[in-house]
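> Predicted model follows, preceded by the sequence.
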Amino acid sequence: MPQNKAGIATTILAPEPAGEGFIEISPNKTLFIQKLTNEDPPLPEIVKGLETVEKVFDHFKPNVDVELNREDGSTIKENFAFSGLGDFEVKSLVNQSNYLKNLSLENDAYLKVISQLKQNQSLNNVINNPETRAAFVNALKALAAELETVEAQE
């Protein structure tokens, strides 16, 4: 069987005159296969005209119900639908879920705060000194208590 080298770490086996070709997965890659729907698998059927991945997704319309864990231990049910390979990217999955969008926004906000805290030399000086750090922590606790009092009055 003739072999064509298509690129680094890939080998394409050219089809024989009476058969089909196979693309070998290189050893440094992982093939992940999973059931992408809550429905039972259909009986085998011949579906003609599905020549691209997009057409396969369009025909089968895979979707899955997922339970996501919240911080308090409760769960929330979400449904993720897949219309192409790009729908498996983190950004696409986050865009399909309000819960994940909120978590992503919180995460971004925390990362910005951490970045600003690391760049703030005055705050670093306060945190590095045990006495000023204790005073700072007490001030933050007092501020939090005051905010809780104001919130309770509203």
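Okay, I see it. Worth saying up front: this structure is predicted, and the values here are computed from it rather than measured.

> The top helix by length along the chain - contacts with which helices or strands?
Criterion DSSP state H: the longest helix present in the chain is helix 130-153. Contacts defined by 3 or more C-beta pairs under 8 Å, 6 or more residues apart in numbering; DSSP states H and E place helix 130-153 against helix 121-128. Glycine gets a C-beta too; all of them are placed from N, C-alpha and C.

> CA atoms of the helix it packs on as CSV?
C-alpha atoms of helix 121-128 as CSV (Å, rounded to 0.1, in the frame of the first residue of the first chain):
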residue,chain,number,x,y,z
GLN,A,121,3.8,48.3,46.1
SER,A,122,2.2,50.0,49.1
LEU,A,123,-0.1,47.1,49.7
ASN,A,124,2.8,44.6,49.4
ASN,A,125,4.7,46.6,52.1
VAL,A,126,1.6,46.4,54.3
ILE,A,127,1.2,42.6,53.8
ASN,A,128,4.9,41.8,54.3
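
> Go through the longest helix of the chain and flag the buried ones.
When burial is assessed from 16 or more other C-beta atoms under 10 Å, helix 130-153 yields no buried residues.

> for stretch 85-99, same thing?
Asp87, Val94, Ser97.

> quick one: what helix or strand has Leu68 in it?
Here Leu68, judged by DSSP states H and E, is contained in strand 63-69.

> what about that strand, average pLDDT?
In this model, strand 63-69 carries a mean pLDDT of 90.

> helices or strands up against the following helix or strand past it?
Using DSSP H and E, the helix or strand that follows strand 63-69 in sequence is strand 75-81. Applying 3+ C-beta pairs under 8 Å, 6+ apart, one finds that strand 75-81 makes contact with strand 63-69, helix 98-119.

> and the gap between the residue nearest the centre of the chain and Pro42?
For the chain, the residue nearest the mean C-alpha position is Val90 (3.1 Å; C-alpha atoms, centre = their mean). To Pro42, Val90 is 30 Å away according to C-beta to C-beta, to the nearest Å.

> Can I take it that Asp58 is in a helix?
Yes. Assessed with DSSP: H, G, I helix; E, B strand; the rest coil, Asp58 lies in a helix.

> how far away is it from Thr52?
Distance from Asp58 to Thr52, by C-beta to C-beta: 9 Å.

> In this structure Leu68 contacts Leu100, no?
Yes. Between Leu68 and Leu100 there is a contact at 7.3 Å, judged by C-beta atoms under 8 Å.

> so how far is the longest helix of the chain off the chain centroid?
Put simply, helix 130-153 sits 35 Å off its chain's centre (C-alpha atoms, centre = their mean, to the nearest Å).
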